[in-house]
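Novice: Here is my input, please return the structure:
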Amino acid sequence: MLNNKKVYSLNFGGKEITLETGRLAKQADGAVLVSSEGTQVLVTVCSAKTARDGQDFFPLTVDYNEKFYAAGKFLGGFMKREARPTTGETLNSRLIDRPLRPLFPEGYMNETFIQATCHSYSDKADPEVLGALGAAAALCISDVPFNTPLGTCKVGRLDGNWVVNPAFDDWEHSDIELVVSASKNAIMMVEGEAKEVSESEMLEALQFAHEQIKTFCGVIEKMVKEVGKPKRVFTPVTPNDVLMNKVEADFATDARGALSIVPKLERQNAVSAIVQKVTEAIKHGPAEFGLSDDCDAGKEAYKAVDGLLYNMMRSDILNEDKRIGSRAMDKVRPIETEVNILATPHGSALFTRGETQVMASVTMGGSEGDQMADRITGLTHSKFYLHYSFPPFSVGEARGIRAVGRRELGHGNLAERALKMALPKSGWDYTMRVFCEVLESNGSSSMGSVCSGSMALLDAGVPLTSPVAGVAMGLVKEEDKYKILTDILGDEDHLGDMDFKVAGTVDGITAIQMDIKITGITEQIFSEALEKARNARLHILGEMAKTISTPRLELKGNVPKMVSLKIAPDKIGALIGPGGKNIKGLQEKFKINIEVDEEGNVKFLGINQEDLEQAKAVVDLQIVGPKIGAEYDGKVVTIKEYGAFVDLVPGVSGLVHVSELTDARVNDVNEYLKEGDTVKVKVMDVDRFGKIKLSAKAVTPLVKRS
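Specialist: The predicted structure follows:
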């Protein structure tokens, strides 16, 4: 049948959402068109029928993309065809990916692609949410062995009330923005930002989101019953029990010794030595390990040792409260902090926590530094942004630096979310770029970036509302038994079940992110993790405060200074002048930059404060006009028998009448002034026609030229 269209509808947060299948992309393993309020996103799922030989990880790729035709727009710039995904598209691809990945069955290694494309856009409905909903639905009704209905929503708070999936323009009025993915029974993924909300408020938002999502899960269950395909049979890639038992029996002592080593590189070297010993043992007798003669001994040894360490470390934590290095469950590693470590950048800081070290630098300037983003939601210019870099040397890897990856974009976005909530609310017009470079990594470099970035901003003189810090929490869970870990190491992240990052100030949470590797966590675990994260955050803020807690009182000498002036929007043309002549002339004369927006906000940027003030005074004179009673240094431009015309600034002239030159009678103006002279004058009056009456004698009576 060419068209077997089936449509399902529900009210999701006060908006009708429809899920359609059977009409579009019918050769995909699963396809769903999700629509709401004029926004439409098509999501397809395709999974290879077999796994590649030797495949030992699940190759899942999620791509979310937006077509500009969806909003009836042309792509800006020279290239008119969508090419590389924007940062926003990449971040949303990650949001869709993260809750889905742990729900695929263990041992499923078939290459799988999920593609979500926004074909129609309205600012009343969020295509990012629709893409996530469509991905879950398409997977569940496909023959891919994915069986857990789940949903995603965004939560905001407007006028004190929780709201699901607010319209695009409503977000600026919300004090919290959360993305939550969950199944009927548990929360799978969280990411968002907030304006210093409490842990209890954050938990309330998560509970509200989960209740909304349960309704959507019910719709997926109905779709599966009515249009779902039979799930394909696959052969899971399972651990070799003979191999695992043999390695555990022969090398447990070596593994125990490795886990007792605290320094990361030393521990890695010890683990590598174990892998090498197992490799040699396999080569000498593969049959004893349940392997064939032509097996890849090194690869099998690595998997077996990793599995041994996984089981051993988790058992230590769950049964003995024992972490690597015997650190307590809620203890933060030693912290060292420094600021002003780089000579030229406008602000810099170094934050070291255990074996994680991040150096942050701050650059400040005018709107030429704004980050432009062109998406179907519109063109935006960000005055604050953070870039995160994770070079290979930070983990001792011998390889080159390539293009920025999804992980770096995601970590940078989380740190940016955390810090931007503490930026000054008004009176600070600088564009700011924070660059966080990970110099050493062993656990939560993104939270290290929050800490170093906060200190670097303070070192630059940025008046943050409060310093910001962050910490990563972990989890080890087996059935109903669990342990929450504070400030996790890289190995605890790799071998654990959760990576839960919380950033904020002393007053509340500013950013949050949770990823899990199991089928969800309960609200009780969430509540405990939030409270432990708060305690750790306050400790870290205390350590940071030993170095810096308030902004530098004076900006560094090479930071562009800034003064501002407000003019009427209809005067902008006068400021710019024909062909930009006036504004260019001012910039050249005073060696500064002048920026003006469409609302008439004028910014003067330069190194010399006196030049800025003079330029501001000139513009004020040109646009607003002179103030009666004010004194100015003017330039004589024309001499008449009845007086002299004096330019207060180019384009603003007044007349000094002969009677206002000196106290004595003046017979010839030329006896007192000549063209080109500089004379100090006072504004006596400005009539209704704008004519300016000046006086020299009101300041200092002139004397005859000799």
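
Novice: What segments of the stretch 251-400 of the chain are helices?
Specialist: Listed in chain order, the helices of the stretch 251-400 of the chain (DSSP state H, counting those that start in this stretch) span residues 264-284, 297-320.

Novice: what would these look like in JSON lines with mean pLDDT and mean neighbour count?
Specialist: Where you see a C-beta, it was placed from the backbone N, CA and C, and this is true even at glycine. Formatted as JSON lines, those follow (pLDDT from 0 to 100; neighbours: other C-beta atoms under 10 Å):
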{"stretch": "helix 264-284", "mean pLDDT": "91", "mean neighbour count": "17"}
{"stretch": "helix 297-320", "mean pLDDT": "90", "mean neighbour count": "18"}
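
Novice: out of those, which comes closest to residue 399?
Specialist: helix 264-284 (15.9 Å; C-beta to C-beta).

Novice: Could you check how far the closest residue to residue 29 other than its chain neighbours is from residue 243?
Specialist: Taking C-beta to C-beta, 6 or more residues apart in numbering, and ignoring the residues beside it in sequence, residue 29 has residue 142 as its nearest neighbour in space, at 4.2 Å. Distance from residue 142 to residue 243, counting by C-beta to C-beta, to the nearest Å: 33 Å.

Novice: Which of these two has more residues huddled nearby?
Specialist: Ranked by neighbour count (other C-beta atoms under 10 Å), residue 142 and residue 243 place residue 142 first, with 25 against 22.

Novice: can you pull the pLDDT of that one?
Specialist: Residue 142 carries a pLDDT value of 97.

Novice: unless I'm mixing things up, it is touching residue 30, no?
Specialist: Yes. Counting by C-beta atoms under 8 Å, residue 142 touches residue 30, with 2.9 Å between them.

Novice: could you give me the average pLDDT of stretch 442-458?
Specialist: So the average pLDDT for stretch 442-458 ends up being 95.

Novice: same deal with stretch 41-58?
Specialist: For stretch 41-58, the mean confidence score works out to 92.

Novice: With stretch 565-581 instead?
Specialist: Per-residue scores along stretch 565-581 average to 88.

Novice: Of all the helices of the stretch 251-400 of the chain, which one is nearest residue 221?
Specialist: helix 297-320 (32.8 Å).

Novice: so what secondary structure elements neighbour the helix or strand in which residue 693 is found?
Specialist: According to DSSP states H and E, residue 693 maps onto strand 692-695. Packing contacts for strand 692-695, counted by 3 or more C-beta pairs under 8 Å, 6 or more residues apart in numbering; DSSP states H and E, involve strand 652-657, strand 678-686.

Novice: Out of those strands, which one sits most buried?
Specialist: strand 652-657 (a mean of 20; mean count of other C-beta atoms under 10 Å).

Novice: so residue 449 touches residue 357, yeah?
Specialist: No. Counting by C-beta under 8 Å, residue 449 does not reach residue 357; the two are 10.8 Å apart.

Novice: Give me the common contacts of those two.
Specialist: Among the neighbours of residue 449, those also in contact with residue 357 (C-beta atoms under 8 Å, 6 or more residues apart in numbering) are residue 438.

Novice: okay, those two: which has more neighbours?
Specialist: Legend: neighbour count by other C-beta under 10 Å for residue 449 and residue 357, higher for residue 449 (35 against 20).

Novice: State the helix or strand in which that one lies.
Specialist: Assigned by DSSP H and E, residue 449 falls in helix 445-459.

Novice: Next: residue 525.
Specialist: Under the assignment here (DSSP H and E), residue 525 is part of helix 523-545.

Novice: and that helix, what does it pack onto?
Specialist: helix 199-227, strand 335-339, helix 445-459, strand 469-478, strand 481-486, strand 498-504.

Novice: what's in contact with that helix?
Specialist: 187, 199, 202-203, 206-207, 210, 330, 332, 335, 337, 351, 353, 451, 454-455, 467, 469-471, 473, 475, 477, 482, 484, 486-487, 498, 500, 502-506.

Novice: rewinding a little: what is the rounded mean pLDDT of the strand holding residue 693?
Specialist: Rounded mean pLDDT across strand 692-695 is 94.

Novice: starting at the chain centroid, how far to that strand?
Specialist: Mean-position distance between strand 692-695 and its chain equals 56 Å (C-alpha atoms, centre = their mean, to the nearest Å).

Novice: ok, back up a step: quick check: angle from the helix holding residue 449 to strand 335-339?
Specialist: The directions of helix 445-459 and strand 335-339 differ by 40 degrees, with axes from the mean of the first three to the mean of the last three C-alpha atoms, to 10 degrees as the criterion.

Novice: starting at the chain centroid, how far to stretch 276-287?
Specialist: 47 Å.

Novice: thinking again about what came up before, buried sites along the helix holding residue 525?
Specialist: Under the neighbour-count criterion of 16 or more other C-beta atoms under 10 Å, helix 523-545 has 525-527, 529-530, 532-534, 536-537, 539-541, 543-544 buried.

Novice: Looking at those residues, which one is closest to residue 390?
Specialist: residue 540 (20.7 Å).

Novice: what's the distance between that closest one and residue 353?
Specialist: 8 Å.

Novice: Look up how far residue 318 lies from the residue nearest the centre of the chain.
Specialist: Most central in the chain under C-alpha atoms, centre = their mean is residue 413, positioned 2.1 Å from the mean C-alpha point. Distance from residue 413 to residue 318, counting by C-beta to C-beta: 33 Å.

Novice: Just the CA trace of the helix holding residue 449, in PDB.
Specialist: Below are the C-alpha coordinates for helix 445-459, written out as PDB (Å, rounded to 0.1, in the frame of the first residue of the first chain):
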ATOM      1  CA  SER A 445      36.800  19.200  33.200                       C
ATOM      2  CA  SER A 446      33.600  20.900  32.300                       C
ATOM      3  CA  MET A 447      33.000  21.800  36.000                       C
ATOM      4  CA  GLY A 448      36.600  22.800  36.300                       C
ATOM      5  CA  SER A 449      35.900  25.200  33.400                       C
ATOM      6  CA  VAL A 450      33.000  26.700  35.400                       C
ATOM      7  CA  CYS A 451      35.400  27.300  38.300                       C
ATOM      8  CA  SER A 452      38.300  28.700  36.300                       C
ATOM      9  CA  GLY A 453      36.000  30.700  34.100                       C
ATOM     10  CA  SER A 454      34.300  32.300  37.100                       C
ATOM     11  CA  MET A 455      37.700  33.300  38.600                       C
ATOM     12  CA  ALA A 456      39.000  34.600  35.300                       C
ATOM     13  CA  LEU A 457      35.900  36.900  34.900                       C
ATOM     14  CA  LEU A 458      36.500  38.300  38.400                       C
ATOM     15  CA  ASP A 459      40.200  38.800  37.500                       C
END
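
Novice: Residue 605 contacts residue 366, correct?
Specialist: Yes. Contact criterion C-beta under 8 Å: residue 605 and residue 366 qualify, at 4.7 Å.

Novice: which of these two has more neighbours?
Specialist: residue 605 (23 against 19).

Novice: Buried ones in stretch 420-433, by neighbour count?
Specialist: 420, 421, 422, 423, 428, 429, 430, 431, 432, 433.

Novice: and that stretch, how far from the chain's centre?
Specialist: Per C-alpha atoms, centre = their mean, the centroid offset for stretch 420-433 relative to its chain is 15 Å.

Novice: who's in contact with it?
Specialist: With C-beta under 8 Å, 6+ apart as the criterion, stretch 420-433 contacts 193-196, 362-371, 383-387, 454, 457, 460, 462-468, 505, 510-511, 562, 564, 601, 603.
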